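Colleague: below: sequence and its predicted model.
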Amino acid sequence: MIRTLNIDIETYSSVDIKKAGLYKYVQSPDFEILLFAYSINGNPTQIIDLAKGERLSGEIIIAMSDPNVTKHVYNAAFEWYCLSKYLGWDPANWLNQWRCTMFHGLYCGYTAGLGPTAKAIGLPQDKRKMSVGTTLIKLFCTPTKPNKKNGGRTRTLPHHEPEKWELFKQYCVQDVEVEKEIESKLSNFPVPPAEQKMWELDQRINAYGVAVDQQLIDGALYIDEHTTALLTDEAIKITGLANPNSGPQLTKWLSDKGVEVENLQKETVSNLVETTEGDVKRALEIRQELSKTSVKKYQAMVSAVCKDGRVRGLLQFYGANRTGRWAGRLVQVQNLPRNYLETLGHARELVREKKVDALKLIYGNVPDTLSQLIRTAFVPSEGNLLLISDFSAIEARVIAWLAGEQWRLDVFNTHGKIYEASASQMFGVPLDLIKKGNPEYALRQKGKVAELALGYQGAGGALAQMDKDQEIDPKDYSDIVRRWRASSKRIVDLWYSLENAALSVMRTGQPAGVRGLILARESDIQNGLDFLTISLPSGRKLFYVKPFLSENDFGKEALHYWGLDQTTKKWTKVNTYGGKLVENVVQAIARDCLAITLERLENAGYQTVMHIHDEAVLDVPKEKANLEMVEKIMSQEISWAPGLPLNADGFVSEYYKKD
């Protein structure tokens, strides 16, 4: 009796999957599955050479269609969607049968990628991915560049490279074996059922996709090319340089004009524009304008848009690792330029109609205008509207709830003006005086920057980073830090309580509890796995791999673990502290709030097309665009977070934007 199938496939498509994404890749007319490797119930892996005419056996077809047979795959979304196309099955009908080992690894605190995960988890070299895999995939799975040596062919087939094809089959088999090893090692640390359901919802959202305004995109690319050419020509005439976009060339030209600069970074150029005049000023203004040209995301939309005008696969489940937050893919919707134009709609129409002169006359800086319009390229399905709603100050609410900082909870349960309230607490000024028109209103900015910078044990450096417009005298930073911490004692206590609990668990091996969080040491000696875990109110856990105690840079004993360095993107030793642990926990709880809300929205019949940070974007028929209902769903209390004051604000629009 078949209970499990471990699967790996190799495929061909002329579409570049890295630029276009899974869905457009599979929808290509020349898409095909080349190899199908599988293991039944953990037995040795077999392979079916589809490219050479072999076919899936009746036994495998039956097992694939059997809802009681669990399909285990590394990056299961790929095999699920590819095999749905190959078999002609509705992807939605068998989604719940799939288990993603990549997701399982990410849940347990590891990195993405089969090879890197195998290495991090401790598999010996002979049980990891074959190093030739990348070369073989490029050879057989992507178009071949024609030349005399290969006879001018545009694709490499098995008979062209028979020895390499046999090696490729071994590689496919090895992938299944490695995936089985990883899944086996992680089996004592299972993914919670609620998270499996969330993975399935994520696939449904990604597969549905979001429509894009292709006329706007075409107009933006046309106008950008036209404007860039004009600005470049003007810069050449002013400077006489062959390439005025070249940093070294422009730096030397400025030096010849008596203007010495160390770099041409955004802030440097901005300051120089204010202090120069004539040709120098105009050359720098042009550099400013050209640097604002942000058409890469328009180009990414063109690469990823499917034949039906929708872009799919914009979200990566557990892409931010440990905390479980989503990451952006393809167009990177988590990192879109903000819009602040009051007449976005008019600007959109000018771009759609390619009216360059009118756009420049009305809005001045054309590249900046195009940048602001990127969001608006995402549009609803025909006859629908986008309903956009986001949680209000979700992290500030979660940290107040978790720490039990009552005055903050009172703020969120009433007027919600946390920046004003923070300033009031910090400086002892009545709240009703901190309003526009009063001199005390200047304190609001200090409250705002403090709230955004200091919740996770930040100090003066964090304030400086958040105070981007330098509205606060740096001399005041230390005083602001002292005042904020004095008015937020419960949050400060949370930092040290969580840090001390982690140290205690590491020293004694005994679990410790802090504000409803449970910290524990969880190990599987037989498989060589060791974790520090933090159990969240939702039932999900945060995993810290191979934890140990060691001195940090300040000579203090601190928790260390193995993780992905966010700067180098390498798997390495990482140290942490109380504020960082609190940040992990707060962001994870905020993510869990969004996850359960996305589920509630789906259950209420709403179609989510994407979500950005704490914001849900819904594709809704005009007659069902009930903003009040959506805000009510998003503000509902969550059973595992009693007393957490959630609130949401939203709006309805004919295109995506920031309200």
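Modeller: Good, I have the coordinates. Owing to the predicted nature of the structure, the values given are computational and were not obtained by experimental measurement.
Colleague: low-confidence ranges, this protein, go.
Modeller: For the chain, applying pLDDT under 70 flags the ranges 126-128, 130, 292-294.
Colleague: now do 80
Modeller: The model of the chain has pLDDT under 80 over residues 125-131, 291-294, 321, 469, 566.
Colleague: for the residue most central in space within the chain, list the residues it contacts.
Modeller: Centre of the chain computed as the mean C-alpha position; nearest residue by Cα atoms, centre = their mean is residue 327, 1.3 Å away. Contacts were defined as Cβ atoms under 8 Å, 6 or more residues apart in numbering; by that measure residue 327 touches 315-316, 319-320, 334. Quick note: C-beta positions are derived from backbone N, CA and C, even for glycine.
Colleague: of those, just the buried ones, PyMOL syntax please.
Modeller: Buried members of the contacts of residue 327, defined by 16 or more other Cβ atoms under 10 Å, are picked up in PyMOL with:
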select buried, resi 315+316+320+334
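Colleague: take the contacts of residue 327 and keep only those in strands.
Modeller: 315-316 (DSSP state E).
Colleague: of the contacts of residue 327, which is the nearest to residue 374?
Modeller: The closest of those to residue 374 turns out to be residue 334 (Cβ to Cβ; 13.0 Å).
Colleague: ok, back up a step: show me the two of the contacts of residue 327 that sit farthest apart.
Modeller: Longest span within those, Cβ to Cβ: 315 and 320, 11.1 Å.
Colleague: between the two, which contacts overlap?
Modeller: By Cβ under 8 Å, 6+ apart, the residues touching both residue 315 and residue 320 are 326-327.
Colleague: secondary structure element for residue 7?
Modeller: strand 4-12 (DSSP states H and E).
Colleague: paired strands for that strand, with orientation please.
Modeller: strand 32-40 (antiparallel), strand 70-73 (parallel) (DSSP bridges).
Colleague: the residue nearest to the centre of the chain bridge partners, please.
Modeller: Residues in beta-bridge contact with residue 327 (DSSP bridges): residue 316.
Colleague: regarding residue 483, what is its secondary structure?
Modeller: helix (DSSP: H, G, I helix; E, B strand; the rest coil).
Colleague: tell me if I'm right that it and residue 429 touch.
Modeller: No: applying Cβ atoms under 8 Å as the test, residue 483 and residue 429 come out as separate, 11.4 Å apart.
Colleague: compare those two and say which is more crowded by neighbours.
Modeller: Shown here are residue 483 and residue 429; by other Cβ atoms under 10 Å, residue 483 has more neighbours (21 against 16).
Colleague: out of the strands paired with strand 4-12, flag the one nearest residue 339.
Modeller: strand 70-73 (39.5 Å).
Colleague: may I see the buried residues of the closest one?
Modeller: 71-73.
Colleague: and if you look at stretch 594-611?
Modeller: 594-598, 601, 606-611.
Colleague: check stretch 12-32 too.
Modeller: Under 16+ other Cβ under 10 Å, the buried positions of stretch 12-32 are 12-13, 15, 17, 20-28, 31.
Colleague: ok, of those residues, which one's closest to residue 455?
Modeller: residue 21 (35.3 Å).
Colleague: enumerate every residue touching that closest one.
Modeller: Here residue 21 is in contact with 304, 311-313, 329-330 (Cβ under 8 Å, 6+ apart).
Colleague: measure stretch 85-93 end to end?
Modeller: This stretch, stretch 85-93, spans 13 Å end to end (Cα to Cα, to the nearest Å).
Colleague: show me how far it is from its chain's centre.
Modeller: 27 Å (Cα atoms, centre = their mean, to the nearest Å).
Colleague: and residue 620, helix, strand or coil?
Modeller: strand.
Colleague: show me the beta-bridge partners of the spatially closest residue to it that is not a sequence neighbour.
Modeller: Spatially, and ignoring its direct neighbours in sequence, residue 620 is nearest to residue 387 (4.8 Å; Cβ to Cβ, 6 or more residues apart in numbering). Counting by DSSP bridges, residue 387 forms beta bridges with residue 618, residue 652.
Colleague: touching, residue 387 and residue 627? I think so.
Modeller: Yes: contact criterion Cβ under 8 Å: residue 387 and residue 627 qualify, at 6.2 Å.
Colleague: okay, the buried residues of stretch 594-611 in CSV with distance to residue 401 and secondary structure next?
Modeller: Output for those, formatted as CSV (distance: Cβ to Cβ, whole Å; DSSP: H, G, I helix; E, B strand; the rest coil):
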residue, distance to residue 401, secondary structure
594, 15, helix
595, 17, helix
596, 15, helix
597, 16, helix
598, 20, helix
601, 22, helix
606, 26, coil
607, 30, coil
608, 25, strand
609, 30, strand
610, 27, strand
611, 22, strand
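Colleague: any idea which element the closest residue to residue 353 other than its chain neighbours lies in?
Modeller: Nearest residue to residue 353, sequence neighbours excluded (Cβ to Cβ, 6+ apart): residue 219, at 6.9 Å. Element membership for residue 219, per DSSP H and E: helix 214-239.
Colleague: same check on residue 395?
Modeller: Using DSSP H and E, residue 395 falls within helix 394-403.
Colleague: quick revisit: pick the one among the contacts of residue 327 closest to residue 380.
Modeller: residue 315 (17.8 Å).
Colleague: quick check, that closest one in contact with residue 325.
Modeller: No: look at residue 315 against residue 325 with Cβ under 8 Å: they stay out of range, at 10.4 Å.
Colleague: show me the domain layout of this protein.
Modeller: 4-187, 212-379, 384-393+510-659, 406-487 (automatic domain parsing).
Colleague: contact partners of the helix holding residue 395?
Modeller: 391, 405, 408-409, 412, 418, 451, 455, 488, 490-491, 493-494, 515-517, 582, 585-587, 589-590, 593-594, 614, 641, 643-647.
Colleague: going through those, which ones are buried?
Modeller: For those, buried by 16+ other Cβ under 10 Å: 391, 405, 408-409, 412, 418, 451, 455, 488, 490-491, 493-494, 515, 517, 582, 585-587, 589-590, 593-594, 614, 641, 644-646.
Colleague: what strands line up against the helix or strand that residue 522 is a member of, and which way round?
Modeller: Assessed by DSSP H and E, residue 522 sits inside strand 517-524. In the sheet containing strand 517-524, the strands it pairs with under DSSP bridges are strand 512-514 (antiparallel), strand 529-535 (antiparallel).
Colleague: off-centre distance for the shortest one?
Modeller: For strand 512-514, the separation from the chain centroid amounts to 30 Å (computed by Cα atoms, centre = their mean).
Colleague: what residues sit buried inside that strand?
Modeller: 512, 514.
Colleague: ok, stretch 223-231 next?
Modeller: So, applying 16+ other Cβ under 10 Å, buried residues of stretch 223-231: 223-224, 227-228, 231.
Colleague: which one of the residues you listed sits closest to residue 364?
Modeller: Of all these, residue 364 sits closest to residue 227, with 11.7 Å by Cβ to Cβ.
Colleague: nearest spatial neighbour of that closest one, skipping sequence neighbours?
Modeller: Computed as Cβ to Cβ, 6+ apart, the closest residue to residue 227 that is not its neighbour in sequence is residue 366, at 4.6 Å.
Colleague: quick one: that neighbour from residue 354, how far?
Modeller: Distance, residue 366 to residue 354, using Cβ to Cβ, to the nearest Å: 12 Å.
Colleague: find residues that contact each of those two.
Modeller: With Cβ under 8 Å, 6+ apart as the test, residue 366 and residue 354 both reach residue 223.
Colleague: looking at the two, which is more packed in?
Modeller: residue 366 (25 against 16).
Colleague: residues contacting the more buried one?
Modeller: Residue 366 neighbours (Cβ under 8 Å, 6+ apart): 223-224, 227, 289, 356, 359-360.
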